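Novice: Structure of the sequence below:
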Amino acid sequence: MRTQHVQVLSATQPFDAWPLPARRRLARRASVAAHARGDLIHAGGSELTAATVVADGVVQASAAAGGRRVIFEIARGPSLHGLLPLLDGRALLNDLVALEPTTTLSIPFEAIREELALSPALWQGLCQTAAGSARRSAEQLRQFLFDAPRVRMAAVLLELAQGEGPATNGPPVVGVRLPQDRLAEMLGVSRQWAALLVREMSAAGLVDWHYGRATLLDPAGLRGIARGGINAAVQCRPRPDAPSSANGPDVIESNA
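Specialist: Next comes the predicted model:
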């Protein structure tokens, strides 16, 4: 089992760049937990004493207030969560929920700090990982504030499909189920507005959507829409037949 823990850490940033002896010591201090679909792994506002590494499965990072929920990230293992409390000692900002059966490793902050004390150069990789997470959050906030829902949806679908790895047979598929309420929470719009976007993109031949399972029929078309966003979320060469407006037809912005 400890060997498997080392393998998971070897595939998880920033531990993948740490010396093997350090990964082995962290693996010996780690505890493993199994979570069923829908289990709350961590609650926003809780005090953490350990970082969470998702070994396998899919998790959702989100926050709720006033009866509304916003999803910040859907991540497939291996991935690291709970890094900010390690750095600043403050409470976790978001909920972390298992979207499918998930296995996690809990790495005590104390064990991580001991390795950092032994090799201060490891701080660089840790800070780069934290900076990358903060930058993604800032870019997502810009998208929420400035991008049309259609642009956000195209970027979200492309990102999720990319996380599944390259498609070998047929068009890219989003592995995690995206019922319209979950999609709405990722886009920051109402469920009704999310349903309208699904119908529009399906009718345009961009996606095939059945029971929350999304297949990207026209990734190039989706990339063209995403390029209209404030962050230029997905970079690619324009299609030879692309219209002059990369954002496609105008849509009515939602107040949701």
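Novice: I'd say V32 and T102 touch.
Specialist: No - under the criterion of Cβ atoms under 8 Å, V32 is not in contact with T102, lying 11.3 Å apart. Bear in mind the C-beta positions are built from the backbone N, C-alpha and C, glycine included.
Novice: More neighbours: those two, which one.
Specialist: T102 (23 against 14; other Cβ atoms under 10 Å).
Novice: which residues sit in contact with the more buried one?
Specialist: T102 makes contact with A34, H35, D39, I41, V54, D56, G57, V58, V59, G77, according to Cβ atoms under 8 Å, 6 or more residues apart in numbering.
Novice: Apply 6 Å and report the result again.
Specialist: Counting by Cβ atoms under 6 Å, 6 or more residues apart in numbering, T102 touches H35, G57.
Novice: what bridges to it?
Specialist: H35 (DSSP bridges).
Novice: got it, and S62?
Specialist: I71, D95.
Novice: That one: what's it in contact with?
Specialist: Here S62 is in contact with R69, I71, D95 (Cβ under 6 Å, 6+ apart).
Novice: Pick out the lowest-pLDDT one from those.
Specialist: Ranked by pLDDT, the contacts of S62 bottom out at R69, which has 88.
Novice: Please look at that one and M186 and confirm they touch.
Specialist: No - at 9.9 Å, R69 does not count as touching M186 under the criterion of Cβ atoms under 6 Å.
Novice: higher neighbour count, these two?
Specialist: M186 (23 against 16).
Novice: can I assume that one is in contact with E73?
Specialist: No - counting by Cβ under 6 Å, E73 is not a contact partner of M186; they are 9.1 Å apart.
Novice: Tell me the spacing between the closest residue to S46 other than its chain neighbours and V58.
Specialist: In space, and not counting its chain neighbours, S46 is closest to L92: 5.3 Å by Cβ to Cβ, 6 or more residues apart in numbering. According to Cβ to Cβ, to the nearest Å, L92 and V58 sit 19 Å apart.
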